[in-house]
Each structure stands twice: as C-alpha cells, then as structure tokens.
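> sequence isn't available, so here's the structure alone:
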Ligand SMILES: O=C(O)CCC(=O)C(=O)O
Ligand SMILES: [Fe+2]
C-alpha cells in the first residue's frame, strides 16, 4: 500500500444541510434541528445555501495559487510571524509527536479593520503579513474572511437554537474574535512517500468551528466512530463545516470533534480555503453554562485564548523556539 486508504462514504453519513432559511430568518429552527443532529453524530456537515458568492471564492483561490506558485524567496518575505500570521512552508506543522510533518504549505491571516490594523491582546494574533509582490491578495483574502465569518456566525446561532439556548449564546464575546483564515496548499503527493505521509496528518481542529471550502480534487478523509477512515468527497457549491475541540468541550461532549486528515493522491495540486472561527480570547468555555451549575463537566473550564495558545505551541515547531 502506498497511500493511506479510506473507504467511500455512504451518502447519508455526512448530511447536506441548506442553511438559507437560517440565514434569512424564515425557518431557523428547522435548520437548527438538522445542525444539532449532525453535530451530535459525526460532527461533519456539508453546508449549502451559505451565501458566499462564487466570485469571492474563485478570486481568493486564484490568488492563493499565484502565491504558492511564487518562488520561495518571495514567500520568505512573509514567513510566519510569532503571532501566526503569514506563510508556513511545507514541514512547518506536525499533528502529533509520532507523525511525519505535514506536506502542506499554508498562508494565515486574521481580522483587521479598514486601515489594516489588528488587535494586539493575544500571542496568537498580530499584524497580517501581506505579500507586496501580490498586492491583490489582501483585498481578496479579507473579502473571503468577512464572508466566511458571517456564515460562521449564522451557524453558531443555529447551534445555540439547536441546543435550546438563546440564539446569541455562543456570540456573547465575539467582537474581537481569535478567528483566522488560511489558504492551504497540498502539492501532489508522490506514491513513494508512503502511507504514513499526509498533506495534513490525522487531527481534530483546535478551536470552536471550522469552515472548509475544498476544491474538486478530493483527498479529505474522516474517521468514523468505529475507527474507519472514510472519504469526504467534494460536493460542488457546498462548504464542509466541522465541530472543533472547543465546541465539543463547551457542549460537554454532546457535539463531536472528529479526527480527519488529507491525502492528495490525485497527481494534481489541491487548495483549500479554511476559516477557523473562535470568539474573543477571554471567552469562558464551560459546559455548566449550558447544562447548569450541577453538571459535572468531563473537561474543566478554560478560556478560548488560553486553550488555543496551548494547542498551537504543541503543533507548530516555530512557536516552540520563541
Ligand atoms: O484541506 C482540507 O481538506 C482539510 C484542512 C484541515 O483539516 C485543517 O486545516 O484543519
Ligand atoms: Fe482540520
């Protein structure tokens, strides 16, 4: 075997949920019910009716390709900063101590105001590093960030309603979000790298919620409850949304943060647009807020900022030397 393998998925294993009536307010509760069922199941959902224009997605994708295909000396000018903004070269991330480093490259940015200024209140954010050699990246990337972030807000309202909470429950402290977005580039993976080489090794996502816009190439694999790896093929016009570790913790384990990985065996380049949604650093993550003071949480209370910093320091070699 030369690539880590995964089985084709039954079509009902990951639901496709149209969120139009959550976004426009015509029937938020029925969407919320479906989101709730999916999140307590595998924790992965295809979302249609997300409202991000195709033009926004293709502009971001085209510029991302221009960026990754640029010579390394140019990409070096925006090499990732201590606050996790900029270009991470192939090999810069490792999903577990015993795993090979990921083959992917990525470019990471976060929220900024109209002057390009960013909040400096947490080690995992700082100035965005935009490539001077590709000035169109900044507006296209920020447009995608805003649009995807809006979808994340709609989904967080849906999750709150699905849990029987008031719709703003997860967004009480979300004016200075730790959210970040990435372009993630997977070179074609040669067969002889072996079955233990991944574009992204098996992992669960660190924060609250991930929105993934994959392309038509495929390669995402998801581990089901029996430990089997399943292919999650692209479905045109959808985003894949997955519950991440902090939302699983916040919901006392009711919502599932499921391991996934990427193997790009297509012989072609693959590119994803990823938005990791997280609220303000001071946001307290405590299942007792949902289930009451008498609830005995399996995991202790934490804050979004503290938890993310701990996870990042383990995953990224460049942060260990800071
Ligand atoms: O590109 C993909 O399909 C998955 C990316 C991913 O898992 C991540 O960025 O956390
Ligand atoms: Fe992930």
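Happy to help now that I have it. None of these values were measured; they are calculated from a predicted model. Residues are numbered from 1 along each chain as shown. Ligands and ions are numbered 1, 2, ... in the order given.
> and for residue 228, the neighbour number?
12 (other CB atoms under 10 Å). Every residue, glycine included, has its C-beta placed from N, CA and C.
> how many other residues sit next to the residue of the stretch 101-250 of the chain at minimum distance from ligand 1?
Nearest to ligand 1 in the stretch 101-250 of the chain, going by CB to the nearest ligand atom, is residue 220, at a distance of 3.9 Å. Per other CB under 10 Å, the neighbour tally for residue 220 reads 25.
> who in the stretch 101-250 of the chain is up against ligand 1?
184, 200, 205, 210, 212, 214, 220 (CB under 6 Å from any ligand atom).
> doesn't residue 100 make contact with the second one?
It refers to residue 200. No - if you go by CB atoms under 8 Å, residue 200 and residue 100 don't touch, sitting 11.2 Å apart.
> those two: which is more packed in?
residue 200 (23 against 15).
> in the sheet, who's paired with the more buried one?
residue 262 (DSSP bridges).
> per-residue pLDDT, it?
You'll see residue 200 listed with a pLDDT of 96.
> who's in contact with it?
93, 95, 102, 104, 184, 186, 261, 262 (CB atoms under 8 Å, 6 or more residues apart in numbering).
> could you point out the longest helix in the protein?
In the chain, assigned by DSSP state H, the helix with the most residues is helix 137-162.
> quick one on the thing from earlier: neighbour count added to the contacts of residue 200, as a markdown table?
What follows is the contacts of residue 200, written out as a markdown table (neighbours: other CB atoms under 10 Å):
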| residue | neighbour count |
| --- | --- |
| 93 | 23 |
| 95 | 19 |
| 102 | 25 |
| 104 | 27 |
| 184 | 24 |
| 186 | 27 |
| 261 | 21 |
| 262 | 25 |
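> taking these one by one, which sit in strands?
184, 186, 261, 262 (DSSP state E).
> pLDDT weak spots in the stretch 151-300 of the chain?
Counting by pLDDT under 70, not a single residue of the stretch 151-300 of the chain qualifies.
> just want the most central residue of this structure.
Per CA atoms, centre = their mean, the C-alpha nearest to the average position across the chain is that of residue 210, at 3.2 Å.
> beta partners of it?
residue 242, residue 276.
> contact partners for it?
Per CB under 8 Å, 6+ apart, neighbours of residue 210: 241, 242, 244, 274, 275, 276, 277.
> repeat that for residue 185.
64, 65, 68, 104, 105, 106, 269, 270, 271.
> residue contacts, the residue of the stretch 201-322 of the chain found nearest ligand 1?
Nearest to ligand 1 in the stretch 201-322 of the chain, going by CB to the nearest ligand atom, is residue 272, at a distance of 3.3 Å. By CB under 8 Å, 6+ apart, the residues touching residue 272 are 182, 183, 184, 186, 212, 213, 214, 215.
> in a strand, the last one, correct?
Right, the one you point to is residue 215. No - judged by DSSP: H, G, I helix; E, B strand; the rest coil, residue 215 forms no part of a strand; its state is coil.
> helix, strand, or coil at the nearest residue to it once chain neighbours are set aside?
Excluding the flanking residues, the one nearest residue 215 by CB to CB, 6 or more residues apart in numbering is residue 271, at 5.5 Å. Assigned by three-state DSSP, the conformation of residue 271 is strand.
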